[in-house]
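Q: Give me coordinates for this.
(2 chains)
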Amino acid sequence: MEQDWTVKSKLTRFLYRHRGIEGIVYVLPFAALWGVFLAWPVGYGIYLSLFEWNPIKGSRFVGLENYVALFRDVRFLNALANTFKFAAMAVPLILGLGLLFALMLWSWGRTCRGAGFVQAVLFFPYLLTVSTVAITWKWMFDPDFGLVTHAFKALKVPAPVFLTEPAWALPAIAFATAWWLSGYRMVVFQAGLGDIPQELFEVASIDGARFRHKFLHIILPLLKPALLFSLVLTIISAFRTFGQVLMMTEGGPGRSTEVLALYLYWTAFEYFKIGKAAASGVVLLALTLILTLIGVKLLGLKSELQ
Amino acid sequence: MRKIVSLAMGAVLVWGMVALGEVIKIEFNTLFHEADAKAMEEIIDLFNASHTNIQVELIQGRWAQYYAELRLSVIAGTPPQLGICHVNRLVEVADYLTPLEASPVGNLIQIGGINPADFPKATWDAGELAGHHYLIPLDTHGWGLWYNKDIFVAAGLDPDKPPQTMGEFMAACEAIKAAGYYAFHPAEDSLPRKLRRAWEIFFYQMGGGALFDEGYTKATFNNPAGLLALQFLVDIFNNFGWNIVGGNGYNQFTAGRLGMLFAGNWFYPTARDSGVNWGYAKVPNFFGTPYTWGASHQLSVPLQPAGTSPAVYQATMEVARFVVEHSHIWTMSGGHIAANRTALKNPALLSSDYWTRSGHLLDEMIQQGLVKFPINHPRGSELEKAIETYIELAVNGKIAPAAALAQAEAECNKILQGR
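A: As a prediction, the model looks like this:
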């Protein structure tokens, strides 16, 4: 017993003297998981990108050759451009729809009958897997049997062949992606709207403010944290878009929908050029990081992040 | 003598394991899905039910990433004991496979009691590369002409006489179109690789020669035959009015809206269950020789980690032999034509619905040497992707056929030059 007491006392004294260690101990489990499942793979990916990787015959260190080859590859540059085009279409669409749905439900108020049901319907697509979404929309856009095609025909408007027309394929995938992801953004925005004090709207109404004014001067500024969170999340998912493109068009027609993640996939898993694929993964990581930081800077939310 | 010794040693090892009550687990990875996945499952279930000392775990992966998974599993030191390899992909993955005649435990072909004479010589020889033998033939598969008999009747055509010449085919298409149906779809579900396969059929039929020169130093498909073949494919969708760009042939056929469809033998279960009154014919002779597109699945033993027990190799080969000997099930349920001669004579297969309605015709095309296999190059996937990208654009009317072939040729040459 005396020995236990001594050990306990020593430990207590040690922790008292080195109070910072306690925090480290709390963080340790998460840090270990983060290290194993995130930092190490990212680090190893960067390391692989410097090699012509072939463990069977022997890998060869090539320095930055894979990066040089990437930026000389017309297909990679096309994929890069498609990724930006897709993000430019999908991010505003996802956020815009999410915000629209949130405002619609918010203006109806919690007491309105059926609001919960509408919210559930709008959120539901987010629960689906990417393959379900892709197959559903591939059918929706089918030139023979698709509902979208039939809707156009009903309106006596010639329907574009969405997934085989280069000009339409990427917007069609962006639309399907917005249908899938906007429900979650809606919930985030609803939470943000719920935090805005009602008094502000009452005062604004007394001052004769219309909805436009309230939206620009009350809602948008106070919704900034929710906007930032959604923006970062949406940019990341737009740049990593893969499953819906693979399943809906396989990057076609031609290469008009081949985005970076799909290029990476072909390079790694079809052509087995792991070094080059790792290099394109590093470029994708860098891009996502830069754009996220730009988003934070533009919204002026550095203090909120801190 | 060596064969007898090897067999005896293997038998002793397996007997030893059984005597010790140990079950050997064999992992078998495939890239099959839908009907052929079910067929392979049926064979493996049969094996597991009839063997107490060996149990096979069947893992049926995604077609597109199968070869990457195969290579990565070898690198990680956790390969499956048995795998599948398309015969044309051997050149890409040979470094990751066990040379069967020179494995660490001896000649696996002899150990497994597999007789090369049980297979067509060309199919068996296709598993050889740089003096080593890597593969055991499972099947040959390929495209044929599926047609809707009811639509034929509605169009005033004889449902028991599918078109077999260009003249008959053109007349049939026009009659079907006039009856208000889609006349023909040349490429299953219109995926880029399917459009390329359709173009290859027309290209080979026109006597276009090989797609690449003998040493794979340059593309040779950008020739008059290649251009005419592509023009014909483009016209099907854009000029003849036989189908529409982006139309899915599988869906059109099963919905009873398509007269004729080029599709693989794997379409059999879908056609059978669709309720469509279908018929099957050989690919018509459009341009000279009635070639069709096809390939061959073969069994392979991925490179095993050093120290793998001889009993595991022995058990693996036992499974491989069982699979090829029971490949009549593979043909009946999956539609692929078994490579094993004995399996192909199985009475149950010969009297099956599949064989009598379509299988025997595909087999005839195979026996007549009319099935053209895909290209065989270490960067074959990249070359095929380059070709199909531009073929798709031509079919969609975005570039002229001549420009499509020129661009595909330039891209293939770049790949062949290692750029």
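
Q: Just the C-alpha atoms of stretch A:57-75, please, in PDB.
A: Coordinates of each C-alpha in stretch A:57-75 appear next as PDB, following Å, rounded to 0.1, in the frame of the first residue of the first chain:
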ATOM      1  CA  LYS A  57      11.300  -4.700 -60.400                       C
ATOM      2  CA  GLY A  58      12.700  -1.900 -58.200                       C
ATOM      3  CA  SER A  59      11.500   1.700 -57.800                       C
ATOM      4  CA  ARG A  60      13.500   4.500 -59.100                       C
ATOM      5  CA  PHE A  61      13.900   8.000 -57.600                       C
ATOM      6  CA  VAL A  62      13.000  10.500 -60.300                       C
ATOM      7  CA  GLY A  63      12.700  13.700 -58.200                       C
ATOM      8  CA  LEU A  64      10.200  16.100 -59.700                       C
ATOM      9  CA  GLU A  65      10.000  14.300 -63.000                       C
ATOM     10  CA  ASN A  66       6.400  13.100 -62.400                       C
ATOM     11  CA  TYR A  67       5.300  16.700 -61.800                       C
ATOM     12  CA  VAL A  68       7.000  17.900 -64.900                       C
ATOM     13  CA  ALA A  69       5.400  15.000 -66.900                       C
ATOM     14  CA  LEU A  70       2.000  15.900 -65.400                       C
ATOM     15  CA  PHE A  71       2.100  19.500 -66.500                       C
ATOM     16  CA  ARG A  72       3.300  18.400 -70.000                       C
ATOM     17  CA  ASP A  73       0.400  16.000 -70.200                       C
ATOM     18  CA  VAL A  74      -2.500  17.500 -72.200                       C
ATOM     19  CA  ARG A  75      -4.900  15.000 -70.600                       C
END
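
Q: Now do that stretch: everything it contacts.
A: Here stretch A:57-75 makes contact (CB atoms under 8 Å, 6 or more residues apart in numbering or on different chains) with A:49-54, A:76-77, A:255, A:258, A:263, A:275-276, A:278-280, A:282-283, B:95. C-betas here are computed from N, CA, C, even on glycine.

Q: Let's see which of those end up in helices.
A: Using DSSP state H, the members of these that fall within helices are A:Phe76, A:Leu77, A:Tyr263, A:Gly275, A:Lys276, A:Ala278, A:Ala279, A:Ser280, A:Val282, A:Val283.

Q: Using TSV, please lay out these together with neighbour count, distance to chain B and pLDDT.
A: Converted to TSV, those look like this (neighbours: other CB atoms under 10 Å in any protein chain shown; distance: CB to the nearest CB, whole Å; pLDDT from 0 to 100):
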residue	neighbour count	distance to chain B	pLDDT
A:Phe76	21	13	96
A:Leu77	13	14	97
A:Tyr263	26	11	96
A:Gly275	23	14	95
A:Lys276	26	12	96
A:Ala278	23	13	97
A:Ala279	29	16	97
A:Ser280	25	15	96
A:Val282	19	19	96
A:Val283	19	19	96
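
Q: Contact residues of the stretch 301-419 of chain B facing chain A?
A: B:Leu303, B:Arg379, B:Ser381, B:Glu382, B:Lys385, B:Thr389, B:Tyr390, B:Glu392, B:Leu393, B:Asn396, B:Lys398 (CB under 8 Å from any CB of the partner chain).
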